[in-house]
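A.B. asks: The following comprises the amino acid sequence and a computationally predicted model.
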2 protein chains.
Amino acid sequence: MQQPDRDVALLAALADPTRLAIVRQLGAAGEGAVCACDFTECCSVSQPTISHHLRVLREAGVLVSERQGTNVLYSFAPEFRERFAGIGASLSGLVQVA
Amino acid sequence: MQQPDRDVALLAALADPTRLAIVRQLGAAGEGAVCACDFTECCSVSQPTISHHLRVLREAGVLVSERQGTNVLYSFAPEFRERFAGIGASLSGLVQVA
DNA sequence: GTCGCACATTGATAGTTGTCTATATAGATG
DNA sequence: CATCTATATAGACAACTATCAATGTGCGAC
C-alpha cells in the first residue's frame, strides 16, 4: 500500500460498467449538464445505486454537481479531461490535445 | 457503446497502485521491454503478487510478455495506446495523438 | 541427471465494493 | 402545514480482489 494516489482513484472511478455508462452518456450529451434522473434509464440498477455511483464519480473528480430546484445536474469536472490525458501521457508518452 | 466490458477491464487493470506503478515504470523505460525481475523493486509486495498483477495487465491487453531464457520480458501491447486514447475520446471528445 | 534460479500457480484470508431495501433530506406546490 | 417528487444516506449482504506462504514449472549450468 502506498499513499492515496489520485490517478488510481480516477481510473477506479471509471472502471465500473455502470459508471462508465454514466460518463459516456454525459459525454454524448456534449458540453451541457445532465439531470441525475436521466441516468436511471441507461443502467438497470436502482436509484440509490445510481446515486452511489454519481457520488463516487464526484469524489474522484470526474463530475461536478449543481442543484436546480429538486433536480441535480451533473457535468464533467473542469480538470477531468486534462487529468485523464495526463495519465495517458505518464503511461506511454501519449500526447493529447483537448 | 456496445462493449464497455473490454474498456472497463482495461481501466480496472490500471486502477491499482501496484499495477499503475508497474506500467509507469515500463513507460519510463521508453519503447523497450523490461524484465519481470525489475518490477519487484518499485512495489513492496511479494514476487507472486507481482506475477499476479502482471497477469492481470496481460489479460486486459495492457502488456505482452516474451520469454528470454529464464527471464520474462514485458512490454506494452501494440494496441494499448490507441485503446486508452479511444476511451478518452468516447468519454469527453478528447482527441489524442500517439 | 540434478541443482539453482526466475517466474507462475494454488489455496487461504482479510479487506473492498456493488447492490439492494428502507429511510431521510431538500425543494416545490397546494 | 401537508404532501409529492427527486436525490441522498444508512445498513446489510454477496461477490470480488489484493495479498501472502507454499508449491509447481521451465530453463540454463554443472
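C.D. replies: Right, received. Where do you want to start? No experiment lies behind these values; they were computed from the predicted model shown.

A.B. asks: Sketch out the low-pLDDT regions of chain A for me.
C.D. replies: In the prediction, chain A carries residues with pLDDT under 70 at positions A:1-4, A:92-98.

A.B. asks: tell me which element the closest residue in space to A:Asp38 that isn't next to it in sequence is part of?
C.D. replies: Distances taken as CB to CB, 6 or more residues apart in numbering or on different chains put A:Gln25 closest to A:Asp38, at 7.4 Å, once the chain neighbours are dropped. Glycine gets a C-beta too; all of them are placed from N, C-alpha and C. With the criterion set as DSSP states H and E, the secondary-structure element containing A:Gln25 is helix A:17-28.

A.B. asks: Quick check: can you name the pairing partners of the helix or strand just after that helix and their directions?
C.D. replies: Towards the C-terminus, the helix or strand next in line after helix A:17-28, according to DSSP H and E, is strand A:34-35. For strand A:34-35, sheet partners with direction are given as strand A:71-76 (antiparallel), following DSSP bridges.

A.B. asks: And the helix holding A:Gln25, how far out from the chain middle?
C.D. replies: In terms of CA atoms, centre = their mean, to the nearest Å, the centre of helix A:17-28 is found 7 Å from the chain centre.

A.B. asks: Let me know whether that helix sits next to DNA strand C.
C.D. replies: Yes. For a cut-off given as CB under 7 Å from any atom of the strand, helix A:17-28 has contacts with DNA strand C, namely A:17-18.
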